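Engineer: Have a look; sequence and predicted model below, questions after that.
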Amino acid sequence: MSRPLSPYAQVEFRLNKVFDFIEANLSDDLSLEALAERAHFSRYHFLRLFHTWSGEAPHAYVRRRRLEAGASQLLYSSDTITTIASECGFDTADGFSRAFRQYFGATPLTWRRRRLSVAPSEVVPANDDAGPAWPVRIVQLPPTRVAYTRHVGPYGKTAIAHWGRTAAWMEKSGLKNVVRFGMGLDDPTFTPPEKCRYDVCVALPASFMPPQRILTKTIAGGAHAVLRFDGHAQQSNEAWHYLLKYVATLGRYKVAALPAFERYDVDMPTPVDSRQNCELCLPLELQTDL
């Protein structure tokens with residue numbers, strides 16, 4: 001029998017559930033009252049705990065995530081600004097444009113022009129061997145239930161350290177030969193480093209019941225652009241950049257408003273400080289506004 005959650009762990013668990021709900025429902029009602037009710041806290045306690053935990057008031061956090069999601073969609077989809085504004089929870093394109101300019105210092109149209117500034121052919125894979133560019137496959141991945149632990153802070157060695165703790169939990173739980181995922185939830189090119197989130201995830205067998213203190217979620221299935229990467233961890237940014245630019249040229253697809261992730265199959269080792277061997281997976285959806 002698992003031990004009861006400590007008060008600290010209970011707060012972490014409930015707030016992480018709220019953060020995940022915000023991420024999946026940016027276009028919906030994310031008022032203080034709605035979020036406090038979902039967390040099962042009073043309005044006053046939720047406001048205090050949320051600010052202590054995230055360093056932001058709930059309304060500021062929601063506004064930032066809506067604008068960052070819009071910034072990503074402007075770069076990697078051809079949707080109209082009106083469509084993007086609606087999907088990010090803004091009533092009008094004008095309201096989105098004003099908020100976007102205030103936050104990023106550029107209009108949505110100016111920001112979008114960055115999408116065409118670099119073609120995939122101009123991003124050279126940083127491999128030792130002189131060979132062709134990274135091949136990209138479009139594949140259908142199944143939805144996957146995972147247990148996860150979350151790192152908040154700059155990506156890099158500190159985030160990778162979570163893999164060691166996850167491996168220890170897997171061994172203790174008898175989980176062997178399962179797929180693992182590294183999921184960056186923020187774009188470090190415009191999200192402050194101290195607010196970036198990285199989830200280390202472990203695929204769960206259907207019969208496995210995780211302990212009460214373990215966070216779980218389902219990674220969405222569907223079409224994904226997949227690039228096999230085997231190289232130094234510092235070079236993975238170039239591979240992600242290449243993958244994003246490749247998708248931007250496809251026309252048929254756009255980057256879905258879902259987290260991208262590293263996928264470590266059962267025969268792939270977990271990352272270490274200097275090297276990664278994984279599949280980079282970028283979720284896609286059909287482009288509608290052409």
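Structural biologist: Cool, the structure landed. Numbering: from 1, shown residues only.

Engineer: Hmm, Trp136 is touching Leu227, no?
Structural biologist: You called it Trp, but residue 136 is Val. Yes - Val136 sits in contact with Leu227 when judged by C-beta atoms under 8 Å, with a separation of 5.2 Å. Quick note: C-beta positions are derived from backbone N, CA and C, even for glycine.

Engineer: Quick check: neighbours shared by these two?
Structural biologist: Shared contacts of Val136 and Leu227 (C-beta atoms under 8 Å, 6 or more residues apart in numbering): Leu243.

Engineer: So which of the two has more stuff around it?
Structural biologist: Shown here are Val136 and Leu227; by other C-beta atoms under 10 Å, Leu227 has more neighbours (21 against 18).

Engineer: What separation is there between that one and Leu75?
Structural biologist: In this structure, Leu227 and Leu75 are 18 Å apart, going by C-beta to C-beta, to the nearest Å.

Engineer: try Thr191
Structural biologist: Counting by C-beta to C-beta, the separation of Thr191 from Leu75 is 13 Å.

Engineer: ok, the two, which is more surrounded?
Structural biologist: More neighbours sit around Leu75 than around the other of Thr191 and Leu75, counting by other C-beta under 10 Å; the figures are 21 against 18.

Engineer: Report all helices and strands that the host helix or strand of the more buried one contacts.
Structural biologist: Element membership for Leu75 (DSSP states H and E) is helix 58-76. Here helix 58-76 touches helix 7-24, helix 32-39, helix 43-54, helix 81-87, helix 93-104, helix 108-112, helix 236-248, strand 253-255, going by 3 or more C-beta pairs under 8 Å, 6 or more residues apart in numbering; DSSP states H and E.

Engineer: residues in contact with the second one?
Structural biologist: This points to helix 32-39. The set of residues that contact helix 32-39 without belonging to it, under C-beta under 8 Å, 6+ apart, is 14-15, 17-18, 21-22, 42-43, 45-47, 50, 58-59.

Engineer: Next, the contact list for His224, please.
Structural biologist: His224 sits next to 138-141, 281-284 when contact means C-beta under 8 Å, 6+ apart.

Engineer: My error: substitute Glu279 in the last question.
Structural biologist: For Glu279, the contacting residues are 226-229, 262-265, by C-beta under 8 Å, 6+ apart.

Engineer: Could you give me the PyMOL syntax to select whichever of those residues are buried?
Structural biologist: Applying 16 or more other C-beta atoms under 10 Å to the contacts of Glu279 leaves a buried subset, and the PyMOL line that selects it is:
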select buried, resi 226+227+229+262+263+264
